[in-house]
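In: whatever this is, show me its structure:
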Amino acid sequence: MPGLEAVSVSSDRAFPRHAHDQLGFGVVVAGAHRSWSGLGAVEAAAGDLITVNPGEIHDGVPVRSAVRTWRMVYLDPSRLADLLPEERRKGVELARPALRDPALATGVIGLFGLFAMDRPDPLAVEQDLVRVLVPLFARYGSRPAPRRGPPP
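Out: Numbering: from 1, shown residues only. This is a model prediction of the structure:
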């Protein structure tokens, strides 16, 4: 689908600070991951959701130098607006880069099951995207006030 990219990574590599133009959301499948974000240092372990807003600076390192595996969906902001209800479309970002929400994690893993098919059904992909995005933004779609003082 245009504006949608799915990535599965296993790595013990540290990634320097960077940003993406897209919204990213995914699941740590194995191992654990530590990253810096605008909220400070966060850690995500197997089963946790990880998120990044468009343009948000972040990095990533494995915990205890071990391999970690994660699956991410990157979605262009213009595509996101097509999938969310109107009241969720403007000025809403995901508030936390690491989340413990087993039901949403299961939904993201299910979405990846569609991507693994030889010929994914675009309608099924769009339906599963909506099933993940609507509760993701309903539960975690606000941005806390910026931290006072210099960034960590």
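
In: leaving out sequence neighbours, find the closest residue to Pro135.
Out: Nearest non-adjacent residue to Pro135, counting by Cβ to Cβ, 6 or more residues apart in numbering: Leu104, 6.1 Å away. C-beta here means a position set from N, CA and C on the backbone, and glycine is covered the same way.

In: host element of the one you found?
Out: Assessed by DSSP states H and E, Leu104 sits inside helix 102-115.

In: what does that helix rub up against?
Out: With contacts defined as Cβ atoms under 8 Å, 6 or more residues apart in numbering, helix 102-115 is touched by 6, 8, 25-27, 29, 47-49, 71, 73, 120-121, 124-125, 128-129, 131-132, 135-136, 139.

In: mind running it again at 7 Å?
Out: Here helix 102-115 makes contact (Cβ atoms under 7 Å, 6 or more residues apart in numbering) with 6, 25-27, 47, 49, 71, 73, 120, 124-125, 128-129, 131-132, 135-136.

In: write the ChimeraX selection for whichever of those residues are buried.
Out: Selection of buried members from those for ChimeraX, criterion 16 or more other Cβ atoms under 10 Å:
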select :6,25,26,27,49,71,73,120,125,128,129,132,136
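
In: so which of the contacts of helix 102-115 are in helices?
Out: When DSSP state H defines the helices, the subset of those inside them is Ala124, Val125, Asp128, Leu129, Arg131, Val132, Pro135, Leu136.

In: was I right about Trp36 contacting Asp59?
Out: Yes - judged on Cβ atoms under 7 Å, Trp36 makes contact with Asp59 at a distance of 5.1 Å.

In: who touches both of these two?
Out: Here Trp36 and Asp59 have Arg17 as joint contacts, going by Cβ under 7 Å, 6+ apart.

In: between these two, who's got more neighbours?
Out: It is Trp36, of Trp36 and Asp59, that has more neighbours when counted by other Cβ atoms under 10 Å, with 17 against 14.

In: hey, what's that one bridged with?
Out: Ala41 (DSSP bridges).

In: which other helices and strands contact the helix or strand of the chain with the lowest mean pLDDT?
Out: In the chain, the helix or strand scored least confidently by mean pLDDT, DSSP states H and E is helix 77-83, which has a mean of 82. For helix 77-83, the elements it packs on are helix 122-140, judged by 3 or more Cβ pairs under 7 Å, 6 or more residues apart in numbering; DSSP states H and E.
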